[in-house]
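*Asks:* I would like the atomic coordinates for the input below:
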Amino acid sequence: MENNFSEIFEDVTGRILSHIPEELTYHNLHHTVDVLQQAERIAREEGVGNKEDLLILKIAALYHDAGFLHTREGHEEEGCKMARRELRAFGINENQLDKICSMIMATKIPRSPKNKLEEILCDADLDYLGRNDFFKIAHHLFIEMKNIGLVNSEPEWNKLQLQFLKEHHYFTPTNKKYREPQKQKNIALIEEMI
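*Replies:* This next block holds a predicted model:
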């Protein structure tokens, strides 16, 4: 089953690379790979050693925004449908699919993780909020939201970002320790812009 991860990775990332709409400058392959890498990092720090848990976490990271291939609204639900349609061919069983879908759905705003793996994926999804590359990544999200008509200007975007950052919180001790301090600095920098 672990051997199948590379095949699943190639399948999902290949489709995202070639079929994600161009206007999605944030929800693209770069974001998916970043979330996967951060999920693995947080899982290590949190002491997740069970191979099956690590595998389904990594698969959930790959599929968490795959629904954007078909829809923006309800992309989490679509990602779950895709996972259920596709992953049985790779030897993923019903119990694992249920866990994968629960992790994907936990990333829906407002986020609602119910266990450690769901907390890890939620923190991985928004890991960048507490990093030094926050403004670079956030700019890609601004362009995407402008492309699809959700914001019109940078001042409007800065207000939205500030509100989102202030309402956001990390779930895992790892990200509370390593990402929260930089997130607070990022908040202060946005406040200076407004």
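*Asks:* what ranges do the helices span in this structure?
*Replies:* 4-19, 29-45, 51-63, 75-86, 94-106, 116-125, 134-147, 154-167, 173-178, 180-193 (DSSP state H).
*Asks:* quick check: buried residues in the second one?
*Replies:* So the one you mean is helix 29-45. His31, Thr32, Asp34, Val35, Leu36, Gln38, Ala39, Glu40, Arg41, Ile42, Ala43 (16 or more other CB atoms under 10 Å). C-beta here means a position set from N, CA and C on the backbone, and glycine is covered the same way.
*Asks:* circling back: how about the helices of the chain, which one is nearest Leu69?
*Replies:* Nearest of the helices of the chain to Leu69, taken as CB to CB: helix 4-19 at 5.5 Å.
*Asks:* what's the offset of the closest one from the middle of its chain?
*Replies:* Distance of helix 4-19 from its chain centroid, counting by CA atoms, centre = their mean, to the nearest Å, is 16 Å.
*Asks:* pull the CA atoms of it into CSV?
*Replies:* Written as CSV, here are the backbone C-alpha positions of helix 4-19 (Å, rounded to 0.1, in the frame of the first residue of the first chain):
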residue,chain,number,x,y,z
ASN,A,4,1.2,2.9,-4.1
PHE,A,5,1.7,6.4,-2.7
SER,A,6,4.1,7.4,-5.4
GLU,A,7,1.5,6.3,-8.0
ILE,A,8,-1.2,8.2,-6.3
PHE,A,9,1.1,11.2,-6.0
GLU,A,10,1.9,11.1,-9.7
ASP,A,11,-1.7,10.7,-10.7
VAL,A,12,-3.1,13.6,-8.6
THR,A,13,-0.3,16.0,-9.1
GLY,A,14,-0.2,15.3,-12.8
ARG,A,15,-3.9,16.2,-13.1
ILE,A,16,-3.5,19.3,-11.0
LEU,A,17,-0.6,20.5,-13.0
SER,A,18,-2.3,20.0,-16.3
HIS,A,19,-5.9,20.8,-15.6
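*Asks:* just checking, what packs against it?
*Replies:* Here helix 4-19 touches helix 29-45, helix 51-63, going by 3 or more CB pairs under 8 Å, 6 or more residues apart in numbering; DSSP states H and E.
*Asks:* how about those helices in JSON lines, adding distance to Gln96 and mean pLDDT?
*Replies:* Shown next, in JSON lines, are these (distance: least, CB to CB, whole Å; pLDDT from 0 to 100):
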{"stretch": "helix 29-45", "distance to Gln96": "16", "mean pLDDT": "98"}
{"stretch": "helix 51-63", "distance to Gln96": "5", "mean pLDDT": "97"}
